[in-house]
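J.: task: produce atomic coordinates for the following.
(one chain, ligands or ions: 1)
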Amino acid sequence: MIYADYNATTPVDPEVRAAMAYALEAGFGNASSLHSAGQEARRLVERARAQAAALIGAQPDEILFTSGGTEADNLAVLGVAENARPDKRVVVTTTVEHQAVLAPCKHLQATGHPVTFLPVDSHGRVSLTALADAAKPEVALFSVMLANNETGTLEPVADVVTVASGCGAPVHTDAVQAAGKLPIDVKSLGVSLLSFSSHKLHGPKGAGALFVRRGVELAPRLHGGRQERGLRPGTENVPAIVGFGKACELAGQRLADDARRVAALRDRFEAQIRSRIPGTRVNGACDARLPNTSNLAFTGLDGEAVTINLDMLGMAASNGAACSAIDHAPSHVLLAMGQDVSDARSSVRFSFGRDNTDEDIEHAVELVVQVANLLRGARP
Ligand code: PLP
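T.: Got it, this is the predicted structure:
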């Protein structure tokens with residue numbers, strides 16, 4: 001199979017698997033127990049915390065482990081908004097966020113918090129004018145993603161931080177797609193909160209983290225024991241956390257090489273498809289884009305049909321985000337970028353990764369051309 005759906009999830013790295021196997025055996029203790037089995041589990045969790053922190057330039061005590069990106073996003077958005085002063089309750093986000101941010105924002109709106117959804121341009125980049133207009137002293141939080149999961153477009157988060165500091169509000173960024181693909185340094189980026197997720201960077205599913213800058217106050221979403229400073233109570237999932245930590249360490253070591261190699265594969269794929277399938281457009285084709293993502297609109301074709309036919313030929317791609325593929329809705333990201341429903345429905349996301357080869361790209365191009373010809377031929 002040619003796997004070109006790395007933005008949906010990634011295969012677990014063999015070194016990650018080995019670290020997890022060790023944790024399942026030697027780290028079976030409860031990390032809160034005082035005896036030596038518990039202390040070994042604690043040691044493994046704290047090593048993973050240091051590994052996760054290192055990937056984003058944070059201090060280990062600024063990392064809270066969660067069950068993944070969705071929980072980290074919810075904790076950031078709801079945790080800050082529900083802790084906010086009564087005169088500072090506005091949340092500002094964008095129309096192109098992942099549902100893990102949009103849904104908690106809509107929940108806040110339904111419970112009386114004003115929420116501003118900032119528009120984006122045709123590349124999916126947030127409008128800086130709308131951002132400046134939204135900057136008011138009443139803002140409790142800005143939440144703007146670092147990289148879009150569907151198009152790969154990078155948002156100007158540093159500009160958001162500048163605007164937000166003018167109104168004394170923290171900035172959260174969803175870096176679930178960026179972590180492991182781009183270098184991240186929370187100090188130079190200046191954000192107060194940042195979410196990332198294990199299964200997007202060759203770790204296991206069911207682990208992720210929220211970076212919370214020292215001094216930033218959050219209300220917990222769960223109530224229980226004192227784990228994760230009481231902000232994420234519950235007995236730690238030691239093997240998943242260990243796998244996540246190892247995956248972060250490997251991502252840090254391989255990031256520059258992976259990004260350079262994968263960008264070359266992606267660019268070759270895109271150029272060949274565009275020359276062989278007339279009318280193909282690249283969604284979010286700006287310079288500020290993830291190195292691995294190619295979101296293509298095949299004018300006049302149905303993206304879902306392309307994806308299904310590719311799968312039948314042994315190639316995995318995606319028509320939109322994996323979670324919205326379930327409800328067959330046109331992509332809210334492409335609609336927000338000004339596309340009409342039929343353009344949005346004609347789009348397919350190809351996302352490449354560490355294990356893809358030159359041969360994969362040659363083969364992938366042939367399969368996509370074959371499917372496009374088949375579907376065009378089948379049209380009345
Ligand atoms: N945010 C973005 C940008 C994502 O792409 C995803 C997953 O696709 C998530 C959040 C949710 O992360 P998780 O699957 O770890 O809950």
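
J.: CA only for contacts and neighbour counts going forward, please
T.: Noted.

J.: would you indicate which residues of the helix or strand hosting residue 107 are buried?
T.: Following DSSP states H and E, one finds residue 107 within helix 99-110. The neighbour-count criterion (16 or more other C-alpha atoms under 10 Å) identifies 99, 100, 101, 102, 104, 105, 108 as the buried residues of helix 99-110.

J.: so the second one sits against residue 77, correct?
T.: What that stands for is residue 100. No. The criterion here is C-alpha atoms under 8 Å, and residue 100 misses it with residue 77 at 9.6 Å.

J.: if we can go back for a sec, is the ligand contacted by the helix holding residue 107?
T.: Yes. Using C-alpha under 6 Å from any ligand atom, helix 99-110 reaches the ligand at residue 100.

J.: and that helix, C-alpha only, in PDB?
T.: Only the C-alpha atoms of helix 99-110 are listed here, as PDB (Å, rounded to 0.1, in the frame of the first residue of the first chain):
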ATOM      1  CA  GLN A  99     -13.100  20.600  15.400                       C
ATOM      2  CA  ALA A 100     -11.100  20.000  18.600                       C
ATOM      3  CA  VAL A 101     -10.900  23.800  18.900                       C
ATOM      4  CA  LEU A 102     -14.100  24.900  17.100                       C
ATOM      5  CA  ALA A 103     -16.400  22.600  19.100                       C
ATOM      6  CA  PRO A 104     -15.300  23.800  22.500                       C
ATOM      7  CA  CYS A 105     -15.500  27.400  21.200                       C
ATOM      8  CA  LYS A 106     -19.100  26.700  20.100                       C
ATOM      9  CA  HIS A 107     -19.800  25.200  23.500                       C
ATOM     10  CA  LEU A 108     -18.600  28.400  25.100                       C
ATOM     11  CA  GLN A 109     -20.700  30.500  22.800                       C
ATOM     12  CA  ALA A 110     -23.800  28.400  23.800                       C
END
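
J.: and for it, what are the contacting residues?
T.: Outside helix 99-110, the residues that touch it by C-alpha atoms under 8 Å, 6 or more residues apart in numbering are 69-71, 73-74, 77-78, 81, 91, 95, 114-115, 143, 174.

J.: looking at the protein, which helix is longest?
T.: Criterion DSSP state H: the longest helix present in the chain is helix 238-276.

J.: so what does the following helix or strand past that helix touch, helix or strand wise?
T.: Next helix or strand after helix 238-276 toward the C-terminus (DSSP H and E): strand 280-283. When contacts are defined as 3 or more C-alpha pairs under 8 Å, 6 or more residues apart in numbering; DSSP states H and E, strand 280-283 packs onto helix 238-276, strand 293-298.

J.: pairing partners for strand 280-283, with directions?
T.: Within its sheet, strand 280-283 is paired with strand 293-298 (antiparallel), according to DSSP bridges.

J.: CA atoms of the following helix or strand past the strand it pairs with as PDB?
T.: Downstream of strand 293-298, the next assigned helix or strand under DSSP H and E is helix 303-312. As requested, the backbone C-alpha atoms of helix 303-312 are provided in PDB (Å, rounded to 0.1, in the frame of the first residue of the first chain):
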ATOM      1  CA  GLY A 303     -13.000  13.900  -4.000                       C
ATOM      2  CA  GLU A 304     -14.700  11.100  -2.200                       C
ATOM      3  CA  ALA A 305     -14.900   9.000  -5.300                       C
ATOM      4  CA  VAL A 306     -11.200   9.700  -6.000                       C
ATOM      5  CA  THR A 307     -10.300   8.700  -2.500                       C
ATOM      6  CA  ILE A 308     -12.400   5.500  -2.600                       C
ATOM      7  CA  ASN A 309     -11.000   4.500  -6.100                       C
ATOM      8  CA  LEU A 310      -7.400   5.100  -4.900                       C
ATOM      9  CA  ASP A 311      -8.000   2.900  -1.900                       C
ATOM     10  CA  MET A 312      -9.200   0.100  -4.200                       C
END
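
J.: for the record, mean pLDDT for helix 303-312?
T.: Averaging pLDDT along helix 303-312 yields 97.

J.: sheet partners, orientation included, of the helix or strand following that helix?
T.: Following helix 303-312 in sequence order, the next helix or strand is strand 315-316 (DSSP H and E). Here strand 315-316 is paired, per DSSP bridges, with strand 2-3 (parallel).

J.: what does the partner strand contact?
T.: Identification of contacts with strand 2-3 by C-alpha under 8 Å, 6+ apart yields 314, 315, 316, 317, 352, 356, 360, 364.

J.: tell me the contacts of the fourth one?
T.: For residue 317, the contacting residues are 3, 4, 5, 307, 310, 311, 348, 349, 350, 351, by C-alpha under 8 Å, 6+ apart.

J.: of the buried residues of helix 99-110, closest to the ligand?
T.: residue 100 (5.3 Å; C-alpha to the nearest ligand atom).

J.: give me the pLDDT value at the closest one.
T.: Confidence at residue 100, expressed as pLDDT, is 98.

J.: and which of the contacts of residue 317 is nearest the ligand?
T.: Of all the contacts of residue 317, residue 5 has the smallest distance to the ligand: 10.7 Å, by C-alpha to the nearest ligand atom.

J.: distance of the closest one from residue 348?
T.: In this view, residue 5 and residue 348 are 10 Å apart by C-alpha to C-alpha, to the nearest Å.

J.: tell me which of the two has more neighbours.
T.: Using other C-alpha atoms under 10 Å, the more surrounded residue of residue 5 and residue 348 is residue 348, with 27 against 22.
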